[in-house]
Structures are given as C-alpha cells and as structure tokens.
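Undergrad: Provided below are the primary sequence and the corresponding predicted coordinates.
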Amino acid sequence: MTDWTSGYVTDIGYTFGYYTDLNPLRIRLAFLNDRLVCPEIGSACELGFGQGLSVNIHAAASPARWYGTDFNPSHAGFAQELAFACGSEARLFDQAFADFCCRTDLPDFDYIGLHGIWSWISDENRGVIVDFIRRKLKVGGVLYISYNTLPGWAAFAPMRHLLTEHVEIIGSEGYGILNCINGALEFADRLLATNPAYARANPNIAKRVQSIKDKNRNYLAHEYFNRDWCPMHFSTLGDWLSSAKLSFACSANPLDHVDGVNLTNDQRTFLKDITDPMFRETVRDFMVNQQFRRDYWVKGPRRLSPFEQGEELRRLRLILATPVADVTLKASGAVGETALMPQVYTPVLEALADHQVHTLAEVERTVTTRNVSFPQLVQALLVLAAKGDVALAQDEAQVATARGRTDRLNAYFLDKARGDGDLAYLASPVTGGGVSAGRFPQLFLLARSRGRQTPAEWARFTWEIFSAQGQAVVKDGKRLQTPEENLAELTARAQEFADKRLPILQALQIA
C-alpha cells in the first residue's frame, strides 16, 4: 500500500498557529525600505497551510483571492470549515504538492507563501514547488519563504538526528508519536548526563534540549521528527530558486533591516566591503548565527528612485496595535537587547496614541516638530512593526469589503472559545491579518455580542461557561477553588480588558 504521508508526521495535528509574516500587506514596508516596487496582491497561494488559520484569516481580511493545499486531510477539512464559515471562497485542498501544483484550474499568482514547510520536505517535493513557482508566479510577483538555516542549526543537527533515530529504532509502533518523543527526550537527558565529547564541544546543547522539553508536543512532532529535515544555507536556497527566475528581495523580518540591533560596528564595516549581495547575506548569517530565515524573493525586481521611495513610504497607513503604556523601548536583536532612543520613539508613539489609522506623512508632520528626521521615523516604524506594536493598515475600501467576512470568522472563533482556547487569534479588516486574542478576551467579546454590557457581566458569563465544564481559572500556576475566587479574578481581568484591550480591538474593527 502506498504511504501517502511520505515520512511526514500526520498522526497528530499541527498547532493552531497564526503567522503574521504571511500577511501580504507586510511586503510593502520591507520592499519600500529597500527601494523595491511592491506588486498589488490580487491572487495568493499558501503551500502547506497546516491547520489553515493564516490562510483563512488572510482570505477573510484581505482583498486577495486565496488558494492553498495541505496534504493532511484533517488539516484541510478544518481549513475548509473556516473558509465556509467566513464566506471568503478560499479554495483549499488536501492534495500533495505534486497533485496540487499540476492543477489546471489555478490562476497565476501575485504572491506565494511557504512557512517552514521547505525544511521538512524531500528534494523531489522541493523540485515540484520550484517548478510551480516558475510557472505560476507572475512577473513582479513575490515569494515568501521561511526555513531552518545554517549555520544556526549546525551544532544541534546531530542531536536532532539522534532524537529521530531513537523514535525510529527504539520507539515502539503503537505507542504513539507523543510517547515516542518523550522517550527520545529522556534518552537525550541520560546521554548528556554521561558528559559526551559532543556536548563538551557544544556546551549549549544541554540547554537546548532542556528548552525544547517545555514546548508543545504537537509542535515538536512536526518541527523535529519528520523523516525529511534539511536546514539550508541561504546560498543553497538561492541555487534552488534560480531556475524559477527569482531574485532575493529582502528579509521579511522588519528588524533584520535595522543593522544597529543585529550587527556590531566591526561587522557592519566588514559587510560593506562585500559587493555581491547574495554572498553578503551568507556572511551575515555567520555573524548572527542565523537559525531561521524569513525572506521575500521576487520575479523581476524593479527599483524605485529615492524620490519615489519617499512618496510611497509617506503613503503607508499605520495603526498602533499596543497600548502606549505597554510598549517597551527595547528591541532584541542578534547583538542582544538594545535600548531604543526615547527622543525618537516617544514622539512617534504619541502621534499614534489614539489608535486610529494615520499615514506616515501625517506622523512625519507631527514628529518633525520634535526634531525626529524622516530616516529616524522609518527606522522606528521598522522596529515597532517587528515588535508587533505598529501594523500597516489597508485603505478604507478594502477595510469595508473585508469587514463582513472578518465578522463571520471572528464569530466562529468566539463560539469555539466556549470549549477551549486553541484558536487564540481574531481577524482584523484594518490590518488584513490576525491579532492575538486568548480565550478570556474571546469570551468577554462573546459576552458583549450577547448583550452583556459590563465587565462584571462578562465575568459572570465566562464563569458560567467554565463551571459548566468543571473548569476554573488558573492564577500564578494554581487553580482557583471557589466560585467567589474565580468570579473575582475574572472580573478583574474583564475590567483590565475593558480599559486596555477593548479600545484597540474596536480600532482594529474586531469588536
């Protein structure tokens, strides 16, 4: 019998994650910062969409028509249910890449996204994907790809191999992948306790094993225990993509565009002497010990003049998505934690403090009176976008078109929150993407949608749901015991939600 899994973990589902880097709207900031022409995204595709939260949130919240596949039928079935719930008409399939990529009913795409999947598939499937990109990505179209990278994985790769070998050889079939993973991690602990030379040569290995033991087992199964797993040098990926006529555009991580938080002065000087852009990226990966890259590639890059770049940047629409009081003036890059200049960031945050949409030109007019230059403003935007404090916003027509779909998708998420907190995101028609929202905020919003008007009423509504299922609030690692304790804690959380989070969700047109 043919093994349809091709060595990929399928007996447990992937996590219900949302990946904001897949939001096509984010392309604009990165491309404009590097003086690149950004295409309008009318048709988009995600290959290997997992549980489908990202593809469905983007299909609901953005103007693009979305397609995608994930060969796990459980994933695809759930993703299709989400698409039906919001009415986005996203076309999502459970086909293997070889089958999906040869479909004759697919349009040409402005945007194709692959999150992580490149690292977990065979060379044969990589060839299928590259050929698909060559045929179906439009001229000027963008590929987003994230993948495990060398040299950052070099030290741990042997340990990962050992863990998967343990599951394959020692882990007994029938015990389930989760038990096999626990057994492999316990074996690694016993091995490291013998102080092997490998661990002495790589002193961070024991800490790395300890850190992954605390992670979600579904995540570990898919991240570490697939048959195919290949961290790749940036230049090797470039070799793969060259036949699809793709050129490296820039990093999809806004913080990578800010050298001051990632490179020392000596490293920046060293890189300036390397004229080849591809080789420079490879060398930079050694400087930061890159473990995971998130990149944009483009089919036919075109450059803007500095004047055009300035015009397009000033047209960007922004919204502050974090309470001003919660924005920390620190950023963590490859050189460690860097303090951000309050004389730059405070005026920018104050200009956006009403949580309304503003153009960058409007912010510029405000902050120039505080001696903040335009280059400083753009760099601040990159840092705040990377931290999730500021998001780009769609135009008003796109927001209005998306609002009905996001309302329906969010209603689905809120209803599911009655049973568990797996779907911890909501869709914003303003940002064209997802916003983190755990179970408590979702239940408070559900209470509001059902006519409860005060935080105390939201708390009672939530407690009724919890108590009916024998659940309770956990505070400081301890389960609260009495109804009075639970109601008091829920009321406090509901009041904090009303004061700090609800106004932002309203500005994002989620609430």
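TA: Great, that's in hand. Residues are numbered from 1 along each chain as shown.
Undergrad: Around residue 118, how many other residues sit close by?
TA: Residue 118 has 21 neighbours, counted by other CB atoms under 10 Å. C-beta: built from backbone N, CA, C; applies to glycine.
Undergrad: Need the nearest residue in space to it, chain neighbours excluded.
TA: Nearest residue to residue 118, sequence neighbours excluded (CB to CB, 6 or more residues apart in numbering): residue 147, at 4.3 Å.
Undergrad: Am I right that that neighbour is in a helix?
TA: No: when the secondary structure is assigned by DSSP: H, G, I helix; E, B strand; the rest coil, residue 147 falls in strand instead of a helix.
Undergrad: Model confidence score at residue 330, please.
TA: On the pLDDT scale, residue 330 is placed at 96.
Undergrad: I figured residue 303 hits residue 31, correct?
TA: No: under the criterion of CB atoms under 8 Å, residue 303 is not in contact with residue 31, lying 10.4 Å apart.
Undergrad: So for the two, which residues contact both of them?
TA: In the contact map built from CB atoms under 8 Å, 6 or more residues apart in numbering, the residues linked to both residue 303 and residue 31 are residue 37.
Undergrad: of those two, who's got more company?
TA: Set side by side, residue 303 and residue 31 show more neighbours around residue 31, with 22 against 11, by other CB under 10 Å.
Undergrad: Spit out the contact partners of that one.
TA: The contact partners of residue 31, by CB under 8 Å, 6+ apart, come to 37, 38, 249, 250, 296.
Undergrad: Is it within a helix or a strand, and which one?
TA: Counting by DSSP states H and E, the element that carries residue 31 is helix 27-33.
Undergrad: Can you list the neighbours in contact with whichever helix or strand comes after that helix?
TA: Where DSSP H and E defines the elements, the next helix or strand beyond helix 27-33 is strand 43-47. Contact partners of strand 43-47, identified using CB under 8 Å, 6+ apart, comprise 22, 24, 54-55, 58, 62, 64-69, 97, 100, 106-115, 117, 129, 132, 136.
Undergrad: Over to stretch 378-392?
TA: For stretch 378-392, with CB under 8 Å, 6+ apart as the criterion, the contacting residues are 20, 25-26, 28-29, 33, 253-255, 257-258, 261, 313, 316-322, 327-328, 331, 340, 344-345, 348, 352, 360, 372, 428, 430-433.
Undergrad: Tell me which of the residues you listed fall in helices.
TA: Filtering the contacts of stretch 378-392 for membership in helices, criterion DSSP state H, returns 28, 29, 33, 313, 344, 345, 348, 360.
Undergrad: can you redo the residues you listed as CSV with distance to residue 289 and pLDDT?
TA: What follows is those, written out as CSV (distance: CB to CB, whole Å; pLDDT from 0 to 100):
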residue, distance to residue 289, pLDDT
28, 29, 97
29, 26, 97
33, 24, 97
313, 31, 98
344, 29, 97
345, 28, 97
348, 31, 97
360, 33, 98
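Undergrad: any idea which of these is the one closest to residue 169?
TA: Relative to residue 169, the closest of the ones in helices among the contacts of stretch 378-392 is residue 29; by CB to CB it sits at 47.6 Å.
Undergrad: Just to check, the closest one is in contact with residue 317?
TA: No: taking CB under 8 Å as the contact criterion, residue 29 and residue 317 are not neighbours in contact, 10.9 Å apart.
Undergrad: Look at the two and report which has more neighbours.
TA: Set side by side, residue 29 and residue 317 show unequal neighbour counts under other CB under 10 Å, the larger going to residue 29 at 25 against 20.
Undergrad: and that one, what does it touch?
TA: Remark: with contacts taken as CB under 8 Å, 6+ apart, residue 29 is in contact with 254, 316, 381, 382, 385, 392.
Undergrad: Please, where are all the strands along the stretch 201-350 of the chain?
TA: For the stretch 201-350 of the chain, applying DSSP state E, counting those that start in this stretch gives strands covering 247-251, 292-298, 317-320, 330-333, 336-339.
Undergrad: of all these, which lies closest to residue 454?
TA: Where the strands of the stretch 201-350 of the chain are weighed against each other on CB to CB, the nearest is strand 317-320, at 26.4 Å.
Undergrad: which strands and helices sit next to that closest one?
TA: On a contact count with 3 or more CB pairs under 8 Å, 6 or more residues apart in numbering; DSSP states H and E, strand 317-320 meets strand 358-359, strand 390-392.
Undergrad: Show residues contacting that strand.
TA: The contact list for strand 317-320, computed with CB under 8 Å, 6+ apart, reads 349, 352-353, 355-360, 363, 381, 389-395, 430-431, 504, 507-508.
Undergrad: Which among these count as buried?
TA: For the contacts of strand 317-320, a burial check counting by 16 or more other CB atoms under 10 Å picks out 349, 352, 355, 357-358, 360, 363, 381, 389-394, 430-431, 504, 507-508.
Undergrad: distance of residue 132 from residue 228?
TA: To residue 228, residue 132 is 18 Å away according to CB to CB, to the nearest Å.
Undergrad: Neighbour count: the two, which is higher?
TA: With other CB under 10 Å as the criterion, residue 132 and residue 228 differ in neighbour count, and residue 132 comes out ahead with 22 against 15.
Undergrad: what about residue 186, neighbour count?
TA: Summarising burial for residue 186: neighbours were counted as other CB under 10 Å, giving 12.
Undergrad: Could you say which helix or strand holds it?
TA: helix 177-193.
Undergrad: packing partners for the lowest-mean-pLDDT helix or strand in the chain?
TA: Comparing helices and strands within the chain by mean pLDDT, DSSP states H and E singles out helix 217-224 as the least confident, with a mean of 72. In terms of contact count using 3+ CB pairs under 8 Å, 6+ apart, helix 217-224 is assigned the packing partners helix 157-169, helix 177-193.
Undergrad: and for the shortest one, what are the contacting residues?
TA: Pointing back at helix 157-169 there. Taking CB under 8 Å, 6+ apart as the rule, helix 157-169 contacts 153, 177, 180-181, 183-185, 187-188, 191, 198, 205, 208-209, 224-225, 227, 229, 231.
Undergrad: Check stretch 496-507 too.
TA: For stretch 496-507, the surrounding residues in contact (CB under 8 Å, 6+ apart) are 319-323, 325-326, 355-356, 426, 430, 435, 437, 440-441, 444-445, 455, 458, 511.
Undergrad: which of those residues count as buried?
TA: Applying a neighbour-count criterion of 16+ other CB under 10 Å, the buried members of those are 319-322, 355, 426, 430, 435, 437, 440-441, 444-445, 455, 458, 511.
Undergrad: For burial, what's the neighbour tally of the residue lying closest to residue 182 once chain neighbours are set aside?
TA: Of all residues not flanking residue 182 in the chain, residue 217 sits nearest, at 7.6 Å (CB to CB, 6+ apart). Burial measure for residue 217: 17 neighbouring residues, criterion other CB under 10 Å.
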